[in-house]
Each structure stands twice: as C-alpha cells, then as structure tokens.
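Peer 1: this one's structure only:
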Ligand SMILES: *[C@@H]1O[C@H](CO)[C@@H](O)[C@H](O)[C@H]1NC(C)=O
Ligand SMILES: *[C@@H]1O[C@H](CO)[C@@H](O)[C@H](O)[C@H]1NC(C)=O
C-alpha cells in the first residue's frame, strides 16, 4: 500500500470509531421505583468519549468546529459528533444529568463524581495494539483511571456510599470497531497472527477479563455494545471501492460483525450467570443501524452512505475542520463524519435500545433477588 494511503488510514482511524453502547431509558426508568441507577460510568472509544482526548496527545480529536455544532451552546467538546452521544442521552433519560463529563476534565465537582463520568477515549479498543496506532487511552488504562476515580469518590462521600454508588451505577461499554479496522482490515497487523475468528475470540477474552475486573471493583450493572455494520461506515466503503460510484457496504466486514456479536451475546449471558447479583446485558447496535441504512426515510435521513462533514467519504478528526464544507441539516444524515453517527442516529439508536435492552436491566430473575 502506498505510504500516503497508509498515513491517511492511520489519520482517519485515529479518530475513530464506532460503536455504540446502549441503554435504557425513558419513561420507565425515570418513573418512581425504577429510577434506580445512581450514576453512569462509561468505557470505550469515540462512540462514547465525551472529551477525554482533549487532555491527551493524539490526533484523534473532536475538539474543533464543526464538531459540536448542534451541541447545547454550539461548542466543540471533544465528542465525535455534531451533538450528544448515547451516554448523554442515557444519563438524561435516567434523570441523572444532561451530559456525562470526561474523567480527565480538570476541576470535576463532587456532584460530577457522584453521578458518573466517562473514561472512554476516541481511537481506543480492547486490544492494546490498537491504541499504539491511535495514541488513545486503551481500555486497560481506562480501568486504572477508574481505580483513581473510586479513590476520589471515597474521599468525597466515604467508603460506604462510594460502594453503593458503584454497585448502583449503569456501566456502559462500547468498543471493538477500532480493533478490527486498525489491526485487521485496513492495517493488517494482527492478521499475521490470527485469522478473523481467532481475533474475535482474542478480543472476547479481553472483554471477559474486563468484565471480571469491573465486577471485582464493585460494578453490578453492565451494558456492552456489539459491533455496528462496520462495512457500512463511509470510510470502509471508500477504502474498499476505488470508484466513488461503486461504493457500497462491505459485506464480509458486516458478516464478521454479526458473527462477533453472536459470540459476544453468548459470552455476556454466561458471565452474568456466573457473577452473582450481576446484570450483564448485550446491546445490539447492528440491527438498528442497518435498519436506518435500509429504510432511511423512516428516520428522515436523505443520505446514509457518507458523512455530513466535507464530501463525507474520508473526512474525520483533523480532516473534518473549520474550513471543511458541512451539510446544512445534519439530521438528514446517518453519519456526521466518515466514521461517526450524527446525534440523530444516536437518538434513534437509544429508542431501539430502550425497547431491547431496558427490560433486561429492570427485570431480575428470582434467583438473584
Ligand atoms: C482459523 O484458524 C483455526 C486454527 O488454525 C482454524 O481451526 C479455523 O478454521 C480458522 N478459521 C477461519 C475462519 O479461517
Ligand atoms: C432537518 O432534517 C430533519 C430530518 O429530515 C427534519 O425533520 C427537520 O425539519 C430539518 N430541519 C430543517 C431546519 O430543515
């Protein structure tokens, strides 16, 4: 591959990627007895990074216009979209707070700590090799920050209340896309070592360990997002098909995502059965997003195969900037840039998760009560 292309791919993916977490929501959760989450704690990649990358050295940044164009106050916050992300919507639906601050933000108040923060970092993944490419905070390091957070929370509210807050928190985890894109498809480092099935299993083993660590630290309610249709990300279509007119979803990447998702769902239900008093729920991002792609008019979308920023084929992170032409109405687009969904798409995703994921978090089998 030409060095320029490699550079471009790296640059692009630095910013990366997708995916999605999940949630809950709406009327059921906020009504009386069910408003039982104390806080929102968030781990993963750019799909759920509310600004941690503003405080580290990386090119994966969404801290400049036009990012944040439709965020309250129209300010770029480091979120990789035009507006809010799924964790913000969830915190808000739960009646906890309107937005979830990044842990690295200086001067967080005790109230911020008590109601939860995000440890996620754009460009991150479960595989530490992914962040060697992107410069992001790997999930393993996010866990170290979480331990620091627990200490700060204890200092603020005492050990006993800190424990209650953590046990009652909704933990949202969304990552994985960068691992496949930066280590397997576009930059094939891991392909020398693993075939696709083995690499999926390698990542799932990392996730399983991560779940165990969170459980040991007191977390009990986890929602873990699966992969989106990776082959339909504008950047993946652009890289696969040389001619713009030939661009379409990359079917083998979508197939890989679906297989991985089935394995993930199975793993999570096994882990939940093993870990007493836990709720460990799989959140599907694939079905809702592919539905948006197949039936755009249902959602008011006029374009689902390119981003709103620039021509939408490759622009992301530093390439989506103040001098890039940007579409007028981002709500007509599924993608904000060549990788990340618009706030509208996240909103519809939440609506889907509300129906699919929420009930599983709320209803406890009697064996656990
Ligand atoms: C991956 O490699 C394993 C071990 O060599 C093999 O059993 C499996 O069939 C391979 N899977 C794929 C999808 O190539
Ligand atoms: C933007 O697009 C959305 C979705 O198609 C539509 O509902 C809304 O009215 C549009 N807003 C403006 C200002 O045109």
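Peer 2: Received it, and whenever you're ready, just let me know what you need. The model shown is predicted, which means the values in this text are computed figures rather than measured ones. Ligands and ions are numbered 1, 2, ... in the order given.

Peer 1: which parts of the stretch 51-200 of the chain sit against ligand 2?
Peer 2: The stretch 51-200 of the chain has no residues near ligand 2, with proximity defined as CB under 6 Å from any ligand atom. The C-beta positions use only the backbone N, C-alpha and C, and glycine is treated the same way.

Peer 1: and the helices in the stretch 51-200 of the chain?
Peer 2: Secondary structure of the stretch 51-200 of the chain (DSSP state H, counting those that start in this stretch): helices located at 86-93, 110-115, 128-134, 139-157, 159-167, 177-180, 196-216.

Peer 1: state the pLDDT value of the closest residue to residue 183 other than its chain neighbours.
Peer 2: Nearest-residue entry for residue 183: residue 190, 4.2 Å, with adjacent residues in sequence omitted and distances by CB to CB, 6 or more residues apart in numbering. Residue 190 carries a pLDDT score of 95 in this model.

Peer 1: number of residues surrounding residue 190?
Peer 2: 22 (other CB atoms under 10 Å).

Peer 1: check residue 269 too.
Peer 2: Residue 269: 14 surrounding residues under other CB under 10 Å.

Peer 1: ok, and what's touching the helix or strand where it lies?
Peer 2: Under the criterion DSSP states H and E, the helix or strand holding residue 269 is helix 251-274. Residues from elsewhere that reach helix 251-274, judged by CB atoms under 8 Å, 6 or more residues apart in numbering: 176, 180, 185, 196-197, 200-201, 203-204, 207-208, 211-212, 224, 226-232, 236, 278-282, 284, 286, 290.

Peer 1: just the buried ones from these?
Peer 2: Among the contacts of helix 251-274, those buried by neighbour count (16 or more other CB atoms under 10 Å) are 176, 180, 185, 196, 200, 203-204, 207, 211, 224, 226-232, 236, 278-282, 284, 286, 290.

Peer 1: mind checking which of the residues you listed land in strands?
Peer 2: Secondary structure assignment (DSSP state E) places 224, 279-282 from the buried ones among the contacts of helix 251-274 within strands.

Peer 1: what's around the closest residue to residue 62 other than its chain neighbours, how many residues?
Peer 2: When the adjacent residues along the chain are set aside, residue 62 lies closest to residue 80, with 4.2 Å between them (CB to CB, 6+ apart). Taking other CB under 10 Å as the neighbour definition, residue 80 ends up with a count of 33.

Peer 1: now residue 274
Peer 2: For residue 274, the count of nearby residues is 12 (other CB under 10 Å).

Peer 1: re the thing from before, pLDDT and distance to residue 324 added to the ones in strands among the buried ones among the contacts of helix 251-274, as a markdown table?
Peer 2: Compiled in a markdown table, these are given as follows (pLDDT from 0 to 100; distance: CB to CB, whole Å):
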| residue | pLDDT | distance to residue 324 |
| --- | --- | --- |
| 224 | 98 | 33 |
| 279 | 96 | 42 |
| 280 | 97 | 40 |
| 281 | 97 | 38 |
| 282 | 97 | 36 |
